[in-house]
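Engineer: Sequence first, then the predicted structure:
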Amino acid sequence: MDDAEESKKMEGEEFKEQPNGDKKKRERKNKGKNNSGGQSKRQKKKEHQEQKQKKIDESLCLKISRGEQCPFGDKCKFNHDVQKYLNIKPADIAAECPLFNKYGKCPYGIKCRFALAHREGDNFNVVNQEKAKVAGPDEMNELPKDLQTALRKNKYAFPKAMPLIKQHNIEKKKRVETNGKNDSDEPTLYYVETPLKADEKKKLDLKGKLVLAPLTTTGNLPFRRICKEFGADITVGEMALAANLLEGQSSEWALLKRHASEDVFGVQICGCHTDVMTKCAEVISDNITVDFVDINMGCPIDLIVDHGAGSALLERTRRIYDLTTNVSKVLNCPLTIKVRTGKDEKAPTVHKIFDQVHNWGVSGITIHGRSRLQRYSRDADWNYIARCAALAKIPVIGNGDIYNYKQYEDHMEKTGVSSVMLARGALIKPWLFQEIKEKRHMDIRSSERLEIYRKYMNYGLEHWGSDQQGVDNTRRFFLEWHSFMYRYVPVGLLGEEQQLLKMNQRPPKVEGRDEMESLLASPVVDDWIKISEMFLGPVSKDFVFVPKHKANSYATETDVNDISNG
């Protein structure tokens with residue numbers, strides 16, 4: 001990470017202006033002021049810039065932190081005064097650095113929140129030569145600088161995508177001029193000759209495989225490592241927006257990173273424009289290592305649907321045809337798609353494409369048994385999944401509400417799907433993969449869960465970094481995960497009821513077998529933060545966490561007290 005990237009990491013949210021009063025006289029009088037407290041917009045912007053600059057001033061230059069020479073010298077925007085930084089740096093969290101323990105050196109030097117592990121006197125960059133010789137990077141798919149530059153400057157050639165896009169535009173124009181049809185109409189079906197036919201591409205074996213779903217925010221690389229250790233066969237990265245990937249955005253490309261333990265790994269891209277998706281597929285296929293590419297056609301979030309992507313595609317058969325046929329032509333690996341039942345559960349429609357997509361270059365299809373309007377409420381419709389699976393001529397992966405091995409066996413036996421994809425069930429019980437393979441209910445005690453959390457924290461620090469920014473990221477992503485996992489009730493407390501528990505049911509209120517088990521099951525956010533402090537040290541006084549997937553089941557300590565007093 002260079003200084004420019006570090007500066008970008010520290011940028012806060014953009015200043016947002018708020019509307020003033022409606023009357024012109026009041027507008028003139030209060031020009032530049034908002035409704036929140038009399039502070040002018042100019043003052044707020046100045047305060048925002050000062051806070052941003054203060055963070056930069058207090059942040060030590062990464063090169064200096066490593067004991068290296070900074071190429072920017074006096075022009076560097078970051079602090080070069082080591083003593084000044086040490087005077088304000090919080091106390092180290094622990095005496096062991098995960099990065100130093102694994103790689104024999106820490107790339108964060110003085111900035112590391114575990115710097116005592118690699119410090120001798122004034123030297124914060126001690127190297128364990130034996131470990132450093134044998135330990136190599138175990139994360140792949142890093143965005144190369146030259147590729148990022150080419151994408152940002154629109155200098156990437158797209159030799160495979162451009163001819164296809166040109167031909168697609170000609171056919172689309174002819175179609176509209178001839179009969180006025182648009183991309184919601186039924187396509188003319190014919191076999192597509194691709195540069196690499198399906199039987200020439202690397203095979204994607206889905207039969208009986210347990211697939212971890214692409215989970216936004218929570219399905220990050222450290223979590224996928226945990227799931228692989230519990231027996232996940234196939235993992236998929238978080239959904240990435242194709243347009244952002246083509247702009248060379250580092251944050252979006254980070255979603256495509258792959259750990260060495262992920263032996264079968266796919267990436268999921270989202271978009272609705274054929275040219276953008278085709279270009280994106282070519283860049284991915286030619287520059288990173290993946291076993292398959294998945295197109296998201298099921299995301300129900302308004303931000304995605306309003307742009308015509310995600311589950312909005314379910315009503316546009318012609319667009320699905322255009323996307324899959326063109327994307328599959330530029331890929332040197334299999335193409336899969338992930339869909340829902342349709343817009344409305346009362347009138348599912350996606351079954352109409354199941355007997356066609358094998359001719360469009362698709363090698364596998366995942367169906368989530370809910371509609372777009374359902375989002376994640378009510379039960380998944382596995383009867384409809386069975387109906388779709390019976391129509392398909394390619395492997396079908398079923399998805400929705402699998403929480404124990406009996407549900408898995410029931411769906412595999414009755415629906416005819418090739419395999420299943422686990423999502424929220426894996427977030428609540430990452431050992432669900434092991435339960436299914438061993439055909440048993442696992443009783444995971446508090447000490448075992450804490451060990452899982454310890455691993456996750458170490459994996460997080462390896463992935464996001466052991467400096468303050470890395471610690472903060474690890475903490476927030478852990479809290480997002482725990483906002484699901486706290487719902488786990490050990491089978492030792494539920495007994496046979498565990499087999500009947502459904503995904504959307506609230507967990508029963510139970511008394512833990514020890515104090516830690518009760519803490520891990522607490523719905524109070526403040527208790528979640530306490531758990532994180534056991535591994536990552538205390539949070540700052542102004543630290544606030546609100547779950548991204550917020551629901552009524554979340555509560556603060558104040559909420560719980562109000563309920564108790566009521």
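Structural biologist: Arrived safely, thanks for sending. These figures come from a predicted structure and were not determined experimentally. Numbering: from 1, shown residues only.
Engineer: Excluding sequence neighbours, find me the nearest residue to Gln374.
Structural biologist: Glu345 (5.4 Å; Cβ to Cβ, 6 or more residues apart in numbering). The way it works is simple: take the backbone N, C-alpha and C, and place the C-beta from them, glycine included.
Engineer: Enumerate every residue touching the one you found.
Structural biologist: Glu345 makes contacts with 370-371, 373-374, 378, 381, as judged by Cβ atoms under 8 Å, 6 or more residues apart in numbering.
Engineer: can you check Asn141 too?
Structural biologist: By Cβ under 8 Å, 6+ apart, the neighbours of Asn141 are 253, 256-258, 288-290.
Engineer: switch the cut-off to 7 Å
Structural biologist: 256-258, 288-289 (Cβ atoms under 7 Å, 6 or more residues apart in numbering).
Engineer: Can you tell me which of those residues comes closest to Lys111?
Structural biologist: Ranked by distance to Lys111 (Cβ to Cβ), the contacts of Asn141 are led by Lys257 at 21.8 Å.
Engineer: Just give me the neighbour total for the closest one.
Structural biologist: 21 (other Cβ atoms under 10 Å).
Engineer: now the one 5 residues further on
Structural biologist: Here the number of neighbours of Glu262 (other Cβ under 10 Å) works out to 24.
Engineer: Run through the strands of the stretch 1-150 of the chain in chain order.
Structural biologist: Assigned by DSSP state E, counting those that start in this stretch, the strands in the stretch 1-150 of the chain fall at 139-140.
Engineer: Walking through it, point out its helices one by one.
Structural biologist: 3-9, 24-29, 41-58, 62-65, 82-88, 98-103, 129-134, 145-152 (DSSP state H, counting those that start in this stretch).
Engineer: now, of these, which is deepest in the fold?
Structural biologist: Among the helices of the stretch 1-150 of the chain, the stretch with the highest mean neighbour count (mean count of other Cβ atoms under 10 Å) is helix 62-65, at a mean of 22.
Engineer: Give me the distance from that one to the chain's centre.
Structural biologist: 30 Å (Cα atoms, centre = their mean, to the nearest Å).
Engineer: CA-only coordinates of that helix in CSV, if you can.
Structural biologist: Output in CSV follows, covering the C-alpha atoms of helix 62-65 (Å, rounded to 0.1, in the frame of the first residue of the first chain):
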residue,chain,number,x,y,z
LEU,A,62,3.8,3.9,5.9
LYS,A,63,7.3,4.0,4.4
ILE,A,64,8.7,5.6,7.6
SER,A,65,6.8,3.1,9.7
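Engineer: Strands of the protein, residue ranges please.
Structural biologist: 139-140, 210-212, 234-236, 240-241, 258-259, 265-270, 292-297, 335-340, 364-368, 396-399, 419-422 (DSSP state E).
Engineer: Let's have the ones you listed in CSV, adding mean pLDDT and mean neighbour count.
Structural biologist: As requested, those are exported to CSV (pLDDT from 0 to 100; neighbours: other Cβ atoms under 10 Å):
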stretch, mean pLDDT, mean neighbour count
strand 139-140, 94, 14
strand 210-212, 98, 26
strand 234-236, 98, 25
strand 240-241, 97, 22
strand 258-259, 97, 22
strand 265-270, 98, 25
strand 292-297, 98, 24
strand 335-340, 97, 26
strand 364-368, 97, 27
strand 396-399, 97, 25
strand 419-422, 97, 24
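Engineer: Columns distance to Leu62 on top of these, output as a markdown table?
Structural biologist: Below are those laid out as a markdown table (distance: least, Cβ to Cβ, whole Å):
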| stretch | distance to Leu62 |
| --- | --- |
| strand 139-140 | 19 |
| strand 210-212 | 33 |
| strand 234-236 | 31 |
| strand 240-241 | 26 |
| strand 258-259 | 24 |
| strand 265-270 | 29 |
| strand 292-297 | 34 |
| strand 335-340 | 38 |
| strand 364-368 | 41 |
| strand 396-399 | 42 |
| strand 419-422 | 38 |
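Engineer: Of those, which is nearest His48?
Structural biologist: For the strands of the chain, proximity to His48 was assessed by Cβ to Cβ; strand 240-241 is nearest, at 26.6 Å.
Engineer: Partner strands of that closest one, with direction?
Structural biologist: When pairs are called by DSSP bridges, strand 240-241 turns out to pair with strand 265-270 (parallel).
Engineer: mind checking how far the strand it pairs with is from the chain centre?
Structural biologist: That offset, for strand 265-270, works out to 10 Å (Cα atoms, centre = their mean).
Engineer: Give me the contacts around that strand.
Structural biologist: 214, 235-237, 239-242, 256, 258, 277, 280, 284, 290-296, 299, 304, 309-310.
Engineer: follow-up on the earlier one: nearest to Gly537 among the contacts of Glu345?
Structural biologist: Of the contacts of Glu345, the one sitting nearest to Gly537 (Cβ to Cβ) turns out to be Arg370, at 40.1 Å.
Engineer: quick one: the helices in the stretch 251-400 of the chain?
Structural biologist: Under DSSP H, counting those that start in this stretch, the stretch 251-400 of the chain gives helices at 274-287, 302-305, 317-330, 382-391.
Engineer: which one of those helices is the most hemmed in?
Structural biologist: helix 317-330 (a mean of 24).
Engineer: Quick one: list the elements packing against that helix.
Structural biologist: Contacting helix 317-330 under the criterion 3 or more Cβ pairs under 7 Å, 6 or more residues apart in numbering; DSSP states H and E are the following elements: helix 161-179, helix 274-287, strand 292-297, strand 335-340.
Engineer: how much does the second one deviate in direction from strand 292-297?
Structural biologist: For helix 274-287 against strand 292-297, the angle between stretch directions is 160 degrees (axes from the mean of the first three to the mean of the last three Cα atoms, to 10 degrees).
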